[in-house]
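> sequence first, predicted coordinates after that:
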Amino acid sequence: MSGMDNFRDVINAWPSTAELAEDIDEKVATVFKWRERDRIPSGKWVVLLAAAKKRHIKLDEKLLTMFSYMRSKRAA
C-alpha cells in the first residue's frame, strides 16, 4: 500500500501545504481547509495525480476513490 490512509495523508505527502497548492494551482488556504475536512474535491484529482507523479509520490485514482468512499461511510 502507499502508506496513506486518508486525504490528509495525501496532502501531507507534499513537503508543505504551500508546495501542494502551487503544484495544483490552488490557494494555500483552500488546501488547508481540505486537510481540516479530510477532503479533496474530485474535480481536482486529475491535476493532483499529475502533480504527485512529477514528485514521485505514489498515488492513483483508485486510492482517492477509496478515501472518498471511506469518508462518505463515516459521514453516514
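Yep, that arrived.
> helices of this protein, residue ranges please.
7-12, 17-23, 28-37, 45-54, 61-75 (DSSP state H).
> contacting residues for the most centrally placed residue in the chain?
What sits nearest the mean C-alpha location of the chain, by C-alpha atoms, centre = their mean, is residue 10, with 4.3 Å. Listed by C-beta atoms under 8 Å, 6 or more residues apart in numbering, the contact set of residue 10 reads 4, 40, 48, 52, 59, 64, 67. Yep, even glycine has a C-beta here, placed from its N, CA and C like the rest.
> quick revisit: and the helices of the chain, which one averages the lowest pLDDT?
With a mean of 90, helix 61-75 has the lowest mean pLDDT of the helices of the chain.
> next, the buried residues of that helix.
Residues of helix 61-75 classed as buried: 63, 64, 67, 68, 71 (neighbour count, 16 or more other C-beta atoms under 10 Å).
> surely the third one meets residue 34?
So that's residue 67. No: if you go by C-beta atoms under 8 Å, residue 67 and residue 34 don't touch, sitting 11.7 Å apart.
> for residue 40, give me phi and psi.
Taking degrees, to the nearest 10, you get phi -130, psi 120 for the backbone angles of residue 40.
> ok, it - contacts?
Residue 40 makes contact with 7, 10, 11, 34, 48, 64 under the criterion C-beta under 8 Å, 6+ apart.
> if you set the cut-off to 7 Å instead, what comes out?
By C-beta atoms under 7 Å, 6 or more residues apart in numbering, the contact set of residue 40 is 7, 10, 34, 48.
> how close does the third one sit to residue 75?
As defined by C-beta to C-beta, to the nearest Å, residue 34 lies at a distance of 15 Å from residue 75.
> now do the contacts for residue 4.
Counted by C-beta under 7 Å, 6+ apart, residue 4 has contacts 10, 13, 63.
> same thing with residue 18?
By C-beta under 7 Å, 6+ apart, the contact list for residue 18 reads residue 28.
> on that earlier part again, tell me the one of the contacts of residue 10 nearest residue 25?
Residue 25 lies nearest to residue 48 out of the contacts of residue 10, by C-beta to C-beta, at 10.8 Å.
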